[in-house]
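Peer 1: give me a 3D structure for the following:
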Amino acid sequence: MPEATPRCDVLVIGGGPAGATVSALLAERGRDVVLVEKSRHPRFHIGESLLPLNLPLFERLGVSQEIARIGMPKHGVEFVSPWHGSPVMLSFADALDNSFPLAYQVRRSEFDHILFRNAVRKGATAIEGCRVTDVEFHSGGALVSAREEDGRERHWQARFVVDASGRDTFLANRLGTKRRNRRHNSAAIFGHFTGATRLPGRDEGNISIFWFDHGWFWFIPLADGATSIGAVCWPEYLRSRKTDTAQFLQDTIALCPALAERLRGAQLASPVTATGNYSYGGERSAGPNYLMLGDAFAFIDPVFSTGVYLAMYGAFVGADTIETCLDDVGRAPRALKTFDAVMRRGPRVFSWFIYRVTTQSLRDLFMNPTKRFRLRGTVLSVLAGDIFRGTRVGLPLLLFKAIYYINTLARPTSSVMEWKKRRRAIRSEEAAARAGDEP
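Peer 2: Next comes the predicted model:
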């Protein structure tokens, strides 16, 4: 390592919500933080729907007013099923703790830029248009190498490394710890539309979830008049595509009459993107001198809009963990173990719902919500992201799951058919993955 190699306390890979949040928190505490982002803000990113429990994190970061200025207020979630009657609207105000009745839909280019600028204001050294290419760990930290857009090589000696590289999963790939989620292989195709019909009045900004034969759609209204539309489905369905992605998205929308009606007369206003390998996880989220945040560690499915919240909450816990590791080496192993437990809790809680979101039994429960035994409030608390604060969702959630299993056993034929369909889809995707055939 050359003598002139610059040093820092923490080097953060990736300037999205996770990376910008942890950088802001650590820089505010006086740490020397270098934040390296491969792109330049503002840049496009999918994942525009936030959760109510994001709002206290914005307060702590000091960006609440900026987020409110760009956000479309989101008061709840609408579920639309072709196998049931009228749509069902669930309001966050009906959660067990109704202190957070509101969330936002945001343009991620604007939202991420706000968080990135905040990290710089707090004192982080931010470098854009620079891609990290290598990390060599040693007892005192790591030597990090990167390449600028013009090809110039850069190096830093960091005491600690944070991987917030999102779906690039830089460290998990390098360490060989990334694993496809064998229980939930999925793929997505999405774009932005103008002229979509929104819900009336106060519900205009609510997210709508539409089920259809191959999975589900999101309908996310944005403050500038655009609407984000995406389909999440089994990869084998996307692999059946014979047209370009824009036409395939339109053809897929036509399979969901309720959504097609809302998009009658709407115009596609962006390129259409298809992505596979949508669901994965890491064997571990932390180790000596490093940790992983958000999608750099694991991602399951966007149906409950958990991505940004889990990334930012993990960054708050991660900042405390890094402080401990830098200041008290003896406590570092326990701190990293605690951090890993937190990182696994979010995906574990949400994955139970996600793995079953296309089953008849879970659709029935969402389309016929009951307030008995606090079940409706409990589900809404989970959907709001209230899973880390000690809100008492445990027993009602167990009861909700018990009702689900009872309903499943009550219709053995359809449940077995759903299970077989799921197994066939998973085996098909595993075979395609071995052959290197991405959707």
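
Peer 1: list the contacts of the most centrally placed residue in the chain.
Peer 2: Nearest residue to the geometric centre of the chain (CA atoms, centre = their mean): residue 307, 1.7 Å. Shown in contact with residue 307 (CB atoms under 8 Å, 6 or more residues apart in numbering): 47, 294, 295, 299. For glycine as for every other residue, the C-beta is placed from the backbone atoms N, C-alpha and C.

Peer 1: residue boundaries of the helices in the protein?
Peer 2: Per DSSP state H, the chain carries helices over the ranges 17-28, 54-61, 64-70, 108-121, 170-175, 235-238, 245-254, 257-262, 307-327, 332-356, 360-367, 375-383, 394-410, 412-435.

Peer 1: can you tell me which of these is nearest to residue 286?
Peer 2: helix 332-356 (4.3 Å; CB to CB).

Peer 1: tell me the angle of the closest one relative to helix 375-383?
Peer 2: 130 degrees (axes from the mean of the first three to the mean of the last three CA atoms, to 10 degrees).

Peer 1: tell me which residues in helix 332-356 are buried?
Peer 2: Residues of helix 332-356 classed as buried by neighbour count (16 or more other CB atoms under 10 Å): 332, 335-336, 339-340, 342-344, 346-347, 349-351, 353-356.

Peer 1: for residue 187, give its distance to residue 8.
Peer 2: Residue 187 sits 38 Å away from residue 8, going by CB to CB, to the nearest Å.

Peer 1: between the two, who's got more neighbours?
Peer 2: Counted by other CB atoms under 10 Å, residue 187 and residue 8 do not tie: residue 187 has more neighbours, with 23 against 20.

Peer 1: show me what the more buried one bridges to in the sheet.
Peer 2: residue 233 (DSSP bridges).

Peer 1: for the one 5 residues further on, same thing?
Peer 2: Beta-bridge partners recorded for residue 192 (DSSP bridges): residue 228.

Peer 1: tell me the contacts of it?
Peer 2: 222, 226, 227, 228, 229, 268, 269, 270.

Peer 1: mind running it again at 6 Å?
Peer 2: 226, 228, 269, 270 (CB atoms under 6 Å, 6 or more residues apart in numbering).

Peer 1: output those residues in CSV; the columns should cover neighbour count.
Peer 2: Output for these, formatted as CSV (neighbours: other CB atoms under 10 Å):
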residue, neighbour count
226, 19
228, 23
269, 13
270, 15
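
Peer 1: in strands, which of these appear?
Peer 2: Counting by DSSP state E, these place 226, 228 in strands.

Peer 1: what residues sit buried inside the longest strand along the chain?
Peer 2: Ranked by number of residues, the top strand in the chain under DSSP E is strand 153-163. Using 16+ other CB under 10 Å as the test for burial, strand 153-163 gives 154, 156, 157, 158, 159, 160, 161, 162, 163.
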